[in-house]
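> predicted model follows, preceded by the sequence.
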Amino acid sequence: MFTLFPLKSFHRRRTFIRILGLVLAWILFLEVLQLRQTFYLQQDDVDSWIGSDPCEGLEGLSDVFVVLKTGATEAFEKVPVHLSTTLRCVPHYDIFSDYKEQIAGHQVHDALDGVNPDIVASHPDFEYYRRLQQHGKDGFSAQEVGQWLQAKNTNSGRDSPGWKLDKWKFLPLAEKALQLRPEAKWYAFVETDTYVLWRNVLEWLLEFDESKPQYLGMQMQIGDVVFAYGGAGFFISKPALTKVVEHRRAHLKNYDEFTAAHWAGDCVLGKALADAGVPLFWSWPNLVNEQPSNMDFNASFGNMYKKLWCHNAASYHHLSPADIDHFSAFERRWNRMNPDVLMRHADVFRQYILPRIVPEHADWDNLSEHDHGFSNSLDDCRRICELEDDCVQFSRSGRTCKTSSVLRLGHERSETAVERVTSGWLMDRVYAFVEDMESTCTNEDWVLP
């Protein structure tokens with residue numbers, strides 16, 4: 001008699017919990033579905049709103065001169081997309097490479113034509129440049145170009161002749177920019193896999209006095225030199241650019257020698273600016289060094305008090321031409337729907353990344369890194385993740401299970417790959433992550449002086 005009531009109560013509670021779980025799961029499913037429909041509308045419905053002026057609200061952009069840096073082996077692949085996206089509204093810009101040519105009706109200038117002729121004629125870094133100027137791009141075999149494009153990063157940069165030559169471009173480009181647009185207030189230096197969110201950047205630059213030397217960029221350090229990481233883009237005021245150009249002219253031999261002995265051109269420029277009395281203003285997490293799909297939106301970059309999630313987005317890096325085109329469509333749609341709000345990294349996650357996160361995705365690598373070894377199935381791998389309190393995602397490559405406490409979207413993996421990869425996410429924990437992250441924000445938006 002006395003044991004029946006507790007058993008009934010237990011079964012009722014268990015039934016209630018199951019029903020509640022199903023209701024919550026259904027709510028989460030509807031929210032994911034709504035976000036996913038919104039996301040694909042943003043991509044597929046571009047033509048219906050393309051008539052709106054994408055350049056509206058970009059006051060101050062005429063005061064910025066943009067330097068887009070590229071190289072001969074990548075220019076035809078990577079430059080054109082910028083002409084219809086990141087540079088579409090920019091009135092004053094030039095494109096610089098190691099080879100003078102025309103791309104899509106736009107002149108690409110030689111960034112290195114002012115380097116000391118003795119260095120060009122004799123330094124090993126310029127062997128590629130000499131061949132390029134003498135024979136053009138047809139002077140390289142398809143095998144050579146393929147090897148260079150697939151070259152891996154090392155502790156001293158990418159192992160390709162074009163990358164080794166790239167370090168020589170930074171200081172000459174500073175001088176060329178000042179000569180070409182002396183009336184500019186700001187000079188922006190970007191690369192072909194950099195995405196700049198101009199509406200946000202222009203609002204940010206208003207917080208700085210452009211009449212004083214300013215050097216803004218994502219902080220990096222090599223040895224004792226702190227400098228702006230080139231891939232994230234960096235911004236230099238005219239007084240700062242004038243100082244470094246004049247300083248370099250007065251010490252040209254020293255900086256040629258320093259460049260020859262170094263491997264990173266953005267570091268070379270950062271040292272010259274520091275020597276000229278212009279220190280770097282540390283600009284992470286507004287400027288970042290990764291693309292949204294591969295990014296840890298909970299990153300602290302050594303500073304637990306600065307939440308990337310909460311800050312406005314000013315740039316991303318490592319985007320392919322397809323990524324740039326895709327993100328540009330998203331940004332334009334977002335700006336049109338939010339004319340009075342600046343886009344945060346959180347908005348990028350919620351509306352660009354989250355709609356593509358699903359319980360299971362075949363031929364997809366979500367960059368899970370914790371290797372658990374053999375697993376019988378994807379369901380087994382999922383259960384391993386569920387047993388880890390902080391696990392949010394998992395993947396199975398061949399028969400190897402990996403999990404991760406870092407939430408990332410990742411990227412497609414070809415179904416013809418040697419080992420096919422299937423990825424998955426624990427959706428309840430994904431949504432808990434979003435809510436937890438939002439609760440940490442306390443009105444941060446810009447990194448300011």
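Yep, it's here.
> going by C-alpha atoms from here, please, whenever you check contacts or count neighbours.
OK.
> what about His372, which helix or strand?
Assignment of secondary structure by DSSP states H and E places His372 within strand 370-374.
> so which residues of the stretch 201-350 of the chain form helices?
When assigned using DSSP state H, counting those that start in this stretch, the helices of the stretch 201-350 of the chain occupy the ranges 238-250, 252-261, 265-275, 321-337, 345-348.
> right, I mislabeled it, should have said the stretch 1-150 of the chain
Assignment of helices within the stretch 1-150 of the chain using DSSP H, counting those that start in this stretch yields the ranges 4-44, 46-49, 75-78, 80-83, 117-122, 127-135, 142-149.
> with only the CA atoms kept, save the fourth one in CSV.
Output of helix 80-83 as CSV, limited to C-alpha atoms (Å, rounded to 0.1, in the frame of the first residue of the first chain):
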residue,chain,number,x,y,z
PRO,A,80,37.4,40.3,-59.0
VAL,A,81,35.1,39.4,-56.2
HIS,A,82,36.3,42.5,-54.2
LEU,A,83,35.3,44.8,-57.1
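> and it, how far out from the chain's middle?
Relative to the mean C-alpha coordinate of its chain, helix 80-83 is positioned 16 Å out (Cα atoms, centre = their mean, to the nearest Å).
> can you check stretch 189-201 too?
Its chain's average C-alpha position is 9 Å from that of stretch 189-201, according to Cα atoms, centre = their mean.
> how long is it end to end?
Here the two ends of stretch 189-201 are set 13 Å apart, with distance taken as Cα to Cα, to the nearest Å.
> average pLDDT for that stretch?
The predicted model assigns stretch 189-201 a mean pLDDT of 98.
> what's the domain layout of this structure?
For the chain, the structural domains run 4-44, 61-282, 358-436, going by automatic domain parsing.
> ok so, going back, list the buried residues of the strand holding His372.
Taking 16 or more other Cα atoms under 10 Å as the neighbour-count basis, strand 370-374 is seen to contain no buried residue.
> for it, packing partners?
Using 3 or more Cα pairs under 8 Å, 6 or more residues apart in numbering; DSSP states H and E as the contact criterion, the secondary-structure elements in contact with strand 370-374 are strand 400-404.
> least confident of the domains of the chain, on average?
Considering the domains of the chain one by one, the lowest average pLDDT is found for domain 4-44, at a mean of 47.
> thinking again about what came up before, tell me which of the domains of the chain sits nearest to Asp53.
If you check each of these against Asp53 by Cα to Cα, domain 61-282 wins as the nearest, at 9.7 Å.
> what's the separation between Leu206 and Ile324?
26 Å.
> I meant to write Phe65 there.
Summarising the geometry, the distance separating Phe65 from Ile324, computed by Cα to Cα, is 20 Å.
> thought Ala313 was touching Trp284?
No - shown here, Ala313 and Trp284 do not form a contact pair, counting by Cα atoms under 8 Å, at 9.8 Å.
> rewinding a little: distance to Gly114 and mean neighbour count for the helices of the stretch 201-350 of the chain - can I get that in a markdown table?
Written out in a markdown table, the entries for these read as follows (distance: least, Cα to Cα, whole Å; neighbours: other Cα atoms under 10 Å):
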| stretch | distance to Gly114 | mean neighbour count |
| --- | --- | --- |
| helix 238-250 | 12 | 19 |
| helix 252-261 | 12 | 15 |
| helix 265-275 | 16 | 22 |
| helix 321-337 | 30 | 18 |
| helix 345-348 | 40 | 20 |
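> any chance of those helices in CSV, plus distance to Asp379?
Putting the helices of the stretch 201-350 of the chain into CSV (distance: least, Cα to Cα, whole Å) gives the following:
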stretch, distance to Asp379
helix 238-250, 57
helix 252-261, 53
helix 265-275, 46
helix 321-337, 31
helix 345-348, 30
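> compare those and give me the one nearest Arg396.
With Cα to Cα as the measure, helix 321-337 is the member of the helices of the stretch 201-350 of the chain nearest Arg396 (25.0 Å).
> how close does Ala260 get to Ser97?
If you measure Ala260 against Ser97 using Cα to Cα, the figure is 19 Å.
> quick one: work out the angle between the strand or helix carrying Asp379 and strand 400-404.
Element membership of Asp379 [criterion: DSSP H and E] is helix 378-387. Helix 378-387 and strand 400-404 are oriented at 30 degrees to each other (axes from the mean of the first three to the mean of the last three Cα atoms, to 10 degrees).
> pull the distance from the next helix or strand after helix 378-387 to the chain's centre.
Scanning the chain past helix 378-387 towards its C-terminal end, the next helix or strand to appear is strand 393-397 (assignment: DSSP H and E). Mean C-alpha position of strand 393-397 versus that of the full chain (Cα atoms, centre = their mean) differs by 24 Å.
> likewise for stretch 245-256?
Put simply, stretch 245-256 sits 31 Å off its chain's centre (Cα atoms, centre = their mean).
> how many neighbours does Ser439 have?
By the criterion of other Cα atoms under 10 Å, Ser439 has 10 neighbours.
> measure it to Leu409 for me?
From Ser439 to Leu409 the distance is 22 Å (Cα to Cα).
> so for Phe301, what's the pLDDT?
Reading off the confidence values, Phe301 has pLDDT 81.
> so what's it up against?
Listed by Cα atoms under 8 Å, 6 or more residues apart in numbering, Phe301 has no contact partners.
> and if you look at Arg350?
Residues in contact with Arg350 (Cα under 8 Å, 6+ apart) are Val434.
> correct me, but Gly376 touches Gly398?
For residue 376 the amino acid is Asn, not Gly. No - with contact defined as Cα under 8 Å, Asn376 does not reach Gly398; the gap is 10.0 Å.
> who has more neighbours out of these two?
Per other Cα under 10 Å, whichever of Asn376 and Gly398 has more neighbours is Gly398, with 14 against 11.
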